[in-house]
Structures are given as C-alpha cells and as structure tokens.
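sequence unavailable; structure follows:
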C-alpha cells in the first residue's frame, strides 16, 4: 500500500472511532518522536480537548502529518514540526487523531 493510501486508510479508521498505531518517519519531530517510532493515536471527536503542543494526525494543504499543534486561534489550528517549521493552519475536521502514547 502506498504512503498516501495508508494515510487515507488511517484517517478513515480514526474517523470511524478506531484507535490506530501510526509509525512516524523522518527527523521533523525529534527528539520527541524518532523516525520509525510507533505512536498510539486516538480518534478526535467533539469531546476531545486539543491544546498547544499536542501531537496530532492531521491533514494540512493536502498532506498528512504527525506533527504538533503550535497555536490555536479562532477555531483554527497551526500545525508545525518540532523544529519550528510551520506546515500551515487547518480546522478541527482535518485533525483525525491525537497521539496518546509513544511506544
């Protein structure tokens, strides 16, 4: 399964209420999350509290990320890596899951 298809599948599983294991790749979230490390991601719903520095499984500008919420303003969420690069702003419906455990 291709990386994009896998991310779409993960988003669909989270939307249906299933907890997922997601493997991060790359150095953008070090030292919090190392490349290849697996995270438990819990679905985001209306009752989920999202706050700055939460790591989320999110889609921003057509791309999926396992990155941090770096700011919240007017029901919009700024998504960034752990080194200060901003991916962009998105709304809550594009935040599919929240990391609850790094394995």
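That came through fine. All values derive from a computational prediction rather than experimental measurement.

can we go C-alpha only for contacts and neighbour counts from here?
Fine.

mind checking pLDDT for the residue lying closest to residue 25 once chain neighbours are set aside?
Counting by C-alpha to C-alpha, 6 or more residues apart in numbering, residue 25 lies nearest to residue 35, which is 4.4 Å off, once chain neighbours are set aside. Predicted confidence (pLDDT) for residue 35: 91.

so residue 35 sits against residue 22, correct?
No. Under the criterion of C-alpha atoms under 8 Å, residue 35 makes no contact with residue 22, lying 11.4 Å away.

who has more neighbours out of the two?
residue 22 (19 against 14; other C-alpha atoms under 10 Å).

would you say the more buried one is within a strand?
Yes. Applying DSSP: H, G, I helix; E, B strand; the rest coil, one finds residue 22 inside a strand.

tell me how far it lies from residue 55.
Plainly put, residue 22 is 12 Å away from residue 55 if you go by C-alpha to C-alpha, to the nearest Å.

which residues touch residue 37?
Each residue near residue 37 by C-alpha atoms under 8 Å, 6 or more residues apart in numbering is listed here: 23-25, 102-103.
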